[in-house]
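Engineer: Could you work out the structure for the sequence below:
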Amino acid sequence: MGDFWVFGYGSLMWKPGFAHVETAHARLYGYRRALCIHSHIHRGTPQHPGLVLGLDRGGSCLGLAFRVPGDLTDEVLAYLRARELVTKVYLERHLPLRLEDGRSVEAVVYVADRRHQQYAGALPAEKAAEIVVGASGQSGPNADYVTSTVDHLRKMGIRDHWLESVAAMIGEKPKGDR
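Structural biologist: You can find the predicted model right below:
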């Protein structure tokens, strides 16, 4: 098998954890970055779930594409599956991307499974902020996850207006509400 591409839209962008030989800004059409996955462990609890990112249907998403050498296929796919498919809330797909230089490539992409019990659905920014502010899990406060994600995206030159509005609403909440 030859080289293949992996699409990152969240933490994979700044912490991929696998070897790659090329990185490019890329757009995935038909899916958008969203806080659409309930987190019961890392950013919430079963009693007070938090929200983490997923790719949900509709719109488009700007992220990073990583080209992986073909001789690392088995190793990288095993790593990605162990990282992304723990609770099976994401589905592995091979979808077309448009790279910033105009090339079209097919990439391994992990999208939200709308049938999974952790799927939160399409939430208005205000409702997402309300859930995030009240949640904390093993990896820390959910609000820190959202604001850190927005900060990382900005540093990479990627704007996500919906996620930025959630982060702004989180910042407006009184500290006692967190």
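Engineer: which residues of the chain fall in helices?
Structural biologist: For the chain, applying DSSP state H gives helices covering 11-14, 73-84, 125-133, 142-155, 161-172.
Engineer: so which of those helices gets nearest residue 110?
Structural biologist: Taking C-beta to C-beta, helix 73-84 is the member of these nearest to residue 110, at 4.5 Å. C-beta coordinates here come from the backbone N, C-alpha and C atoms, glycine included.
Engineer: centre of the chain versus the closest one, how much separation?
Structural biologist: Between the centre of helix 73-84 and the centre of its chain there are 16 Å (C-alpha atoms, centre = their mean, to the nearest Å).
Engineer: quick one: contacts of that helix?
Structural biologist: The contact list for helix 73-84 (C-beta atoms under 8 Å, 6 or more residues apart in numbering) reads 1, 4, 6, 17-19, 68, 90, 92, 108, 110.
Engineer: hmm, back to that, with mean neighbour count and distance to residue 31 added, can I get the helices of the chain in JSON lines?
Structural biologist: JSON lines is the format used below for the helices of the chain (neighbours: other C-beta atoms under 10 Å; distance: least, C-beta to C-beta, whole Å):
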{"stretch": "helix 11-14", "mean neighbour count": "18", "distance to residue 31": "14"}
{"stretch": "helix 73-84", "mean neighbour count": "14", "distance to residue 31": "15"}
{"stretch": "helix 125-133", "mean neighbour count": "20", "distance to residue 31": "17"}
{"stretch": "helix 142-155", "mean neighbour count": "19", "distance to residue 31": "16"}
{"stretch": "helix 161-172", "mean neighbour count": "17", "distance to residue 31": "13"}
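Engineer: okay if I get these as TSV plus distance to residue 27 and mean pLDDT?
Structural biologist: TSV is the format used below for the helices of the chain (distance: least, C-beta to C-beta, whole Å; pLDDT from 0 to 100):
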stretch	distance to residue 27	mean pLDDT
helix 11-14	13	92
helix 73-84	20	97
helix 125-133	22	97
helix 142-155	14	96
helix 161-172	15	93
